[in-house]
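# Okay, structure incoming, though there's no sequence with it:
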């Protein structure tokens, strides 16, 4: 299970580009588990990317993201697009398991549709917001050939910033009634949303929430793209055609304004940073925990014998050849 | 402003350990801005840590964290403790500015109290959840000598996991009425909370929220500490003495069970990882962006000429001496 060298990374890759879903599933698991041979598989996959359009869906817990994603997938299918969905769940740093639940229910609605693929990724307590495999799994889905990839993050805050690095279009989902922290939330999300969607628009306060966001957008320096603020009731599908048409409109804008390439470049930089981190910090920590060097370093820090900069430099000197 | 070498890192440090708040403020700004000399200052500060008890407060936007933190500070002051408060705000990756607002109002309530110190940190679009300066600023506050340090993160998801690494006690704040995503939220936060607090307990559903959490805690493997689930109405101070007494009880438990040291060790490991990342990934990216090496690497990735592993290895070979 933890070794794909025998099975052959190339064979797995061939299966993926030929559209085999079992191969895709297995490949994602291998990448998640850090199996041997995964690096070779990913090297193939990155080089074979087909240029899917990537939409990120983010927002606080409770705003109804899962239902909304479900509806977006339905609309994309109606338009004839194939869709890969990646849900990045906050998960226990101890168990490392993804939270299913909603996700399972959602996947089942499309279970018989060959044009849709659902997958949950655990964040595994990684220090970098999204799962550190997010970029890699997107590359696999892209090599497989989905027209559209939808990445959903659970949670607000840093993951919203992270999602920008992989998505062409970021949809920020809100719901009415979050009260007086509204100002703070909006200031934080204002910069990252290409589209805003006020979900649960049948609840009181929806119109006010919409107006509040419009007002804050009005105060921003005008740029090329003015983020639209849509309303939806995801549970009955209301507003979803409009939302998806705004997603398409944003993606046309990116192509027309030549900013799609820029976005891709930025996302590759995020991938590169992650690989560099693994190769350096990951490697040093691994080596240093094998022979007690890390324990000694932590002892020095605990006892105030040295500051973190000195300790880090010493570790690098010793474990980085 | 961006250089403390002239002013003298040692002088600044002396001011801090002698309890000068202007020196502390200036030192934090220097650390946030990455001023020259900050490394030396921090080296002093880490070695002079006094062992403050660190409480992390986290929860989704809208649950009323700021008001609750305000109340906690009031209770800690009543008990005679000095308190440093660090609020880590989600902020624009473009402007890098912290969101004030609530924070300003809150700070003003304690403006004349020399025993309280408030500070906001921007996350600055850093890829690592909390601001990458969180650990360093905690070290400065600790060297200053506050009895208690309270770290508040805005947002749910990854930042909740990150906060664990710096806090001895994590308080997860909830509010009733987050609806059907409750299950998912709880699964994500269950592992990280040492104490749960259902705020806005006067709203309908508060008792159900409390029971839901208790039930999920019941299903967990019993460990040494059973997280209490408290209720509060932060706006009128109700439930705050109980909450703070639970914080004290947890911290006594940590000392008695000898897990405080373990927690400190884990938090030093997070600090060390951050320093290693800066010294390796940070350095390589900086050097490579100076002479066009990074651009060439991103071109290769964009054109599918090489996978990220090959590109990362090449960069390391070239820029890491």
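Alright, I've got the coordinates. Worth saying up front: this structure is predicted, and the values here are computed from it rather than measured.

# Next one: residue A:266 relative to chain B, how far apart?
Residue A:266 sits at a distance of 9 Å from chain B (criterion: Cβ to the nearest Cβ, to the nearest Å). For the C-beta atoms, the positions are set from N, CA and C on the backbone; glycine is no exception.

# you'd agree that residue is up against residue A:168?
No. Applying Cβ atoms under 8 Å, one finds residue A:266 not in contact with residue A:168, separated by 10.4 Å.

# Neighbour count: these two, which is higher?
Each of residue A:266 and residue A:168 has its neighbours counted (other Cβ atoms under 10 Å in any protein chain shown); residue A:168 has more, 22 against 14.

# Identify the residue nearest the more buried one in space, chain neighbours excluded?
Leaving aside its chain neighbours, residue A:168 sits nearest to residue A:54 (5.0 Å; criterion: Cβ to Cβ, 6 or more residues apart in numbering or on different chains).

# which element is residue A:247 on?
According to DSSP states H and E, residue A:247 maps onto helix A:240-256.

# Give me the distance from the helix or strand following that helix to the chain's centre.
Next in sequence after helix A:240-256, counting helices and strands by DSSP H and E, comes helix A:260-277. On the basis of Cα atoms, centre = their mean, to the nearest Å, helix A:260-277 sits 13 Å off its chain's mean C-alpha point.

# Where does the record place the domain boundaries for chain A?
As assigned by automatic domain parsing, chain A contains the domains A:1-48, A:50-257, A:269-319.

# Mind telling me which of those the model trusts least?
Mean pLDDT is lowest for domain A:50-257 out of those, coming in at a mean of 80.

# mind checking the end-to-end distance for that one?
End-to-end distance for domain A:50-257, by Cα to Cα, to the nearest Å: 20 Å.

# same question, stretch A:236-245
End-to-end distance of stretch A:236-245 (Cα to Cα): 18 Å.

# ok so, going back, can you pull the buried residues of the helix holding residue A:247?
For helix A:240-256, the neighbour count (16 or more other Cβ atoms under 10 Å in any protein chain shown) marks A:240, A:243-244, A:246-248, A:250-251, A:254 as buried.

# closest to chain B among those residues?
Checking the buried residues of helix A:240-256 against chain B with Cβ to the nearest Cβ, the nearest one is residue A:254 at 15.1 Å.

# packing partners for the strand or helix carrying residue A:207?
Secondary structure from DSSP H and E places residue A:207 in helix A:206-218. The contact analysis (3 or more Cβ pairs under 8 Å, 6 or more residues apart in numbering or on different chains; DSSP states H and E) places helix A:206-218 against helix A:182-190, strand A:195-198, strand A:229-231.

# In that helix, which residues are buried?
So, applying 16+ other Cβ under 10 Å, buried residues of helix A:206-218: A:206, A:209-210, A:212-213, A:216-217.

# quick check, the residue nearest to residue A:168 in a strand?
Yes. Assigned with DSSP: H, G, I helix; E, B strand; the rest coil, residue A:54 falls within a strand.

# which residues in the stretch 51-200 of chain A form helices?
Secondary structure of the stretch 51-200 of chain A by DSSP state H, counting those that start in this stretch: the helices cover A:65-78, A:102-109, A:134-144, A:158-164, A:182-190.
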